[in-house]
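Q: just to be clear, the model below is a prediction. Sequence and coordinates:
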Amino acid sequence: RCNMEGNKNMISLKQEKLTVLHVATLNQPIGPNLGYGPIETVIHNIDKGLYASGHRSIVACSGDSRVFGEHHVTVDKCIGDYWSDNTTAKHTTMNMHLSNALYRARRGDIDIIHAHDAKAVEFMYDSVFRMQVPIVMTLHVSAEDSSLGGAYQRWANHLLASPLVYCTAISEYQKRQYSELVNAENVVYHGIDVEEYPVKEVPDKGSYLFTIGRVTRDKGQDKAIEIAKKTGSKLIIAGCVQNKSADRKFFTGLKNSIDLSVEIGKYPVDNDYFGRVIKPLLDSDKQIIYIGEISSEHKKHWYRHARATLFPIQWGEPFGLVLVESMACGTPVVALNRGAVPEIVVDGKTGFVVESVDAMIEAISRIDSIGPSDCKKHVQNHFSITSMAYKYSELYHQLIDNLKIAESGSSLTDDYFDETLHHGTIATL
């Protein structure tokens, strides 16, 4: 098992630059300006952070992706959706992607493989085991939704885990959820490029409330509407509706409470985006407005001009990138105390973490006491790309160090038996 503190005697090894092969997911292209693509956004940020730190970052991904390091194209295009039927064509695309990623791993110049999906690890494991290349797998989903049971336990089991596969959690909350399922001792929080997020100088008193995320009951858009109506606030709802029957049914139920629906994602982002796109909606007499799925560039403006971001989740969110993005723009968060929320939002300083919808309603009256600079500084100190890349680099080095120690111990044992048997001594254990 790994210790992030490492071995002080191996500090020189930690200065070495590594060659890291990222085996990306195919739900969306890897890139900087996605709509709904949480895992792909994280892969993009890790690649960017490692590249900026001087590591050789190779991303095995679709041809329609954009990366900072080296682009190893595995398939022409991504699947393009987080929720689609498991067709023969999809299965073929995934096999081609993983086969080409494994082909790249076999060239012999890879120090670490960083995967983001259990299927990728299972596909590559036997070959990688023979190559003795450590695998890091970031746990992106909840333990309940993971597929780390059954056959995958041959490398994921928390008691019998292979020393070549290391699962890393994205929050302390998620780590606890996986404690009986996988060997994941360390936590690496997601990071963003904080300087790319425009920050307000003073609170936007009297402005709108904002909520963004996949439109589904777990995200609590119905609760956000309740909060807006009871506080007399304008509410902007952003997010995609996936092709899931439960999500479609939930969205249909919301429509009676939505006063205006407009797809603003088609409008380009420029210097006059606020005056041309945001202000006309704020000046309208509509209170509850749904603006559809928006890209990263769009949402930065909506975060920045909001009075607060609402996060009324109804389940244990493993992380919550929305929280970090909002605070990076200086916009405080009002959230329910679920999942990793209390690890990310500092109650009373960067927002309010409360136990009920009624408490969220009460917190809106106090939200203007939160300083934008405190929100931004908190993200800079704890959730930056630089911090994330450094922590992953530390983990990579520790895994490589551990493997070298294991190989050295194995070599010494072999030498001992060779020597004793050479002199005719029978060794017993």
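A: Perfect, thanks for sending it.
Q: where are the low-confidence patches of the stretch 151-300 of the chain?
A: For the stretch 151-300 of the chain, the stretches flagged by pLDDT under 70 are 160-162.
Q: hmm, 50 instead?
A: Low-confidence segments of the stretch 151-300 of the chain (pLDDT under 50): none present.
Q: helices of that one, residue ranges please.
A: 153-156, 172-177, 221-231, 245-254, 273, 279-283, 296-305 (DSSP state H, counting those that start in this stretch).
Q: just want the angle from the longest one to helix 245-254.
A: For helix 221-231 against helix 245-254, the angle between stretch directions is 20 degrees (axes from the mean of the first three to the mean of the last three CA atoms, to 10 degrees).
Q: helix 221-231: how far from the chain's middle?
A: Offset of helix 221-231 from its chain centre (CA atoms, centre = their mean, to the nearest Å): 27 Å.
Q: flag every buried residue along that helix.
A: 221-228, 231 (16 or more other CB atoms under 10 Å). (C-beta placed from N, C-alpha, C; glycine too.)
Q: quickly name whichever of the residues you listed is closest to residue 354.
A: Relative to residue 354, the closest of these is residue 227; by CB to CB it sits at 11.1 Å.
Q: help me confirm that that closest one comes into contact with residue 357.
A: Yes. If you go by CB atoms under 8 Å, residue 227 and residue 357 touch, sitting 6.5 Å apart.
Q: which residues do those two both contact?
A: residue 312 (CB atoms under 8 Å, 6 or more residues apart in numbering).
Q: look at residue 80 and report its pLDDT.
A: pLDDT for residue 80: 80.
Q: surely it and residue 34 touch.
A: No. Using CB under 8 Å, residue 80 makes no contact with residue 34, being 11.3 Å away.
Q: out of those two, which sits in the busier spot?
A: In this view residue 80 and residue 34 are compared by other CB atoms under 10 Å, and residue 34 has more residues nearby, 18 against 12.
Q: what's the more buried one sitting at in phi/psi?
A: With angles defined as degrees, to the nearest 10, residue 34 sits at phi -90, psi 160.
Q: next up, the contacts around it.
A: 28, 40-41, 295-296.
Q: and if we set it to 10 Å?
A: 27-28, 40-41, 44, 293, 295-297 (CB atoms under 10 Å, 6 or more residues apart in numbering).
Q: ok, it to residue 360 distance?
A: Distance, residue 34 to residue 360, using CB to CB, to the nearest Å: 28 Å.
Q: cool, residue 101 as well?
A: Separation of residue 101 from residue 360 (CB to CB): 43 Å.
Q: again, but for residue 136
A: Taking CB to CB, one finds residue 136 at 37 Å from residue 360.
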